[in-house]
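Colleague: Please find the sequence and the predicted model below.
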Amino acid sequence: QVQLVESGGGLVQPGGSLRLSCAVSGFTPDNYNIGWFRQAPGKAREGVACMRSRDGVTHVYDSVKGRFTISRDNAKNTVYLQMNYLKPEDTAVYYCATETYGSSCFLGYDSGMDSWGKGTLVTVSS
């Protein structure tokens, strides 16, 4: 069982930056997808960014492309989401999630992800 713990959320002004962290522990298969999803108040959860563990291939969704970057530190078993030029519409709870089989992460299908963290709240407001 994979355990995921997110951190780094908080209040930031529009145009500011935050870096979220997802600490990964427990059993991790040789190859899996790990990604960030978010859920704004009153809206469905949506994909933000995804990474394939085997080769580091990444995908960033159009809504945040050019502003958000997903990266990892293998030595620390941590995946990051660097968020720049934040907008009020980025306000949401951000979740880290993994999947062992399939491509749900890259397709933005949250229902296909296997394990989830509890989320961290990001609020973008002046």
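Modeller: That came through fine. Residues are numbered from 1 along each chain as shown.

Colleague: Show me what the lowest-mean-pLDDT helix or strand in the chain is packed against.
Modeller: Scoring the helices and strands of the chain by mean pLDDT, DSSP states H and E places helix 104-107 at the bottom, with a mean of 89. With contacts defined as 3 or more C-beta pairs under 8 Å, 6 or more residues apart in numbering; DSSP states H and E, helix 104-107 has these neighbours: strand 33-39, strand 46-52, strand 92-99. Every residue, glycine included, has its C-beta placed from N, CA and C.

Colleague: ok now that helix, how far from the chain's centre?
Modeller: 12 Å (C-alpha atoms, centre = their mean, to the nearest Å).

Colleague: for stretch 73-80, same thing?
Modeller: 13 Å.

Colleague: what residue ranges in this structure score low on pLDDT?
Modeller: Within the chain, not a single segment meets pLDDT under 70.

Colleague: one step back: out of the helices and strands packed on helix 104-107, which gets nearest to residue 7?
Modeller: Closest to residue 7 of the helices and strands packed on helix 104-107, according to C-beta to C-beta: strand 92-99, at 9.8 Å.

Colleague: Check the separation of the first and last residues in stretch 86-99.
Modeller: 27 Å (C-alpha to C-alpha, to the nearest Å).

Colleague: tell me which residues of it are tucked away?
Modeller: Across stretch 86-99, burial judged by 16 or more other C-beta atoms under 10 Å covers 86, 90, 91, 92, 93, 94, 95, 96, 97, 98, 99.

Colleague: For the first one, which three-state class applies?
Modeller: This points to residue 86. coil (DSSP: H, G, I helix; E, B strand; the rest coil).
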